[in-house]
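Enquirer: pasted the sequence and its predicted model underneath.
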Amino acid sequence: MSGFNLLHLITNAKPVTLKPCGLPSGTCRTKKTWPKSFSQEELKKRLSPIQFHVTQEKGTESAFRGEYTEYKEDGIYTCVVCGSPLFKSETKFDSGSGWPSFYDLVKEESVTVTDDFAYGMHRVETSCSQCGSHLGHLFDDGPRPTGKRYCINSASLGFQSVTQNPETVSQLGYTDLKTVRQLGYTEPENSQTTTVSSIRGHRHPLETCGT
């Protein structure tokens, strides 16, 4: 049964058109062994209900309601469950989708991608490579230089601020070292950085999204 018909039967309401942005992933987390693991009991205690639902049950938060959708501070976005670095603020852009969007990862191995065929469509799910927590989905309609759009639930994210933790953030992979130096942290010798900041604040029109 399609997601469209299922929702109609459950709510007994007028039919509505569902878009990928409002649909959760098809199944709960797999039992795969990850480098970092936590008991469900522990996570229920330290995560909010929406954080647990999104990361452990592959749920989706409401569009434009997430804490980091319009967030502008410089730093590193991390996995809310295990703290692993995922995205740099300098790669965040305004997709207009209602969810935080990024065009690149801190490291290629930061995120695991898997095919998601729920609701009669093909999407690419993104999960934290360290603990397996659900993050969102990946699309090929992002801006240059990667053309990628990581559409991520705010509930899946934590944040390390440059202004509050300059040394920690630099070690996690933040590359705007001009800002970091101004805050009193000196990068190691022979470091090479490439900062792409012109895309920040850029609004990239999208037809669909998914988390």
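Expert: Here it is on my side, so go on.
Enquirer: skipping its backbone neighbours, what lies nearest residue 34 in space?
Expert: residue 132 (4.3 Å; Cβ to Cβ, 6 or more residues apart in numbering). Any C-beta I mention is one placed from the backbone N, CA and C, and that applies to glycine too.
Enquirer: can I take it that residue 56 is in a helix?
Expert: Yes: using DSSP: H, G, I helix; E, B strand; the rest coil, the assignment for residue 56 is a helix.
Enquirer: quick check: the gap between it and residue 107.
Expert: Residue 56 sits 23 Å away from residue 107 when distances are taken as Cβ to Cβ, to the nearest Å.
Enquirer: of the two, who's got more company?
Expert: For the pair residue 56 and residue 107, the greater number of neighbours falls to residue 56 (20 against 12), based on other Cβ atoms under 10 Å.
Enquirer: thinking again about what came up before, surely the residue nearest to residue 34 and residue 125 touch.
Expert: No: Residue 132 is beyond contact range of residue 125, at 11.0 Å (criterion: Cβ atoms under 8 Å).
Enquirer: tally of neighbours for the residue nearest to residue 34?
Expert: Residue 132 has 22 nearby residues by other Cβ under 10 Å.
Enquirer: equivalent analysis for the one 4 residues further on, please.
Expert: Residue 136 has 33 neighbours, counted by other Cβ under 10 Å.
Enquirer: which SSE is immediately downstream of the worst-scoring helix or strand of the chain on mean pLDDT?
Expert: Using mean pLDDT, DSSP states H and E, the weakest-scoring helix or strand in the chain turns out to be helix 3-11, at a mean of 39. Downstream of helix 3-11, the next assigned helix or strand under DSSP states H and E is helix 40-46.
Enquirer: kindly confirm my reading that residue 137 forms part of a strand.
Expert: Yes: counting by three-state DSSP, residue 137 falls inside a strand.
Enquirer: what about the chain, any weak spots by pLDDT?
Expert: 1-32, 165-211 (pLDDT under 70).
Enquirer: mind running it again at 90?
Expert: Within the chain, the ranges that satisfy pLDDT under 90 run 1-33, 118-120, 161-211.
Enquirer: just so I have it, where are all the helices in this structure?
Expert: Assigned by DSSP state H, the helices in the chain fall at 3-11, 40-46, 49-57, 166-172, 177-182.
Enquirer: residue 161 pairs with what?
Expert: With DSSP bridges as the criterion, residue 161 is bridged to residue 75.
Enquirer: surely it is in contact with residue 72?
Expert: No: at 11.3 Å, residue 161 does not count as touching residue 72 under the criterion of Cβ under 8 Å.
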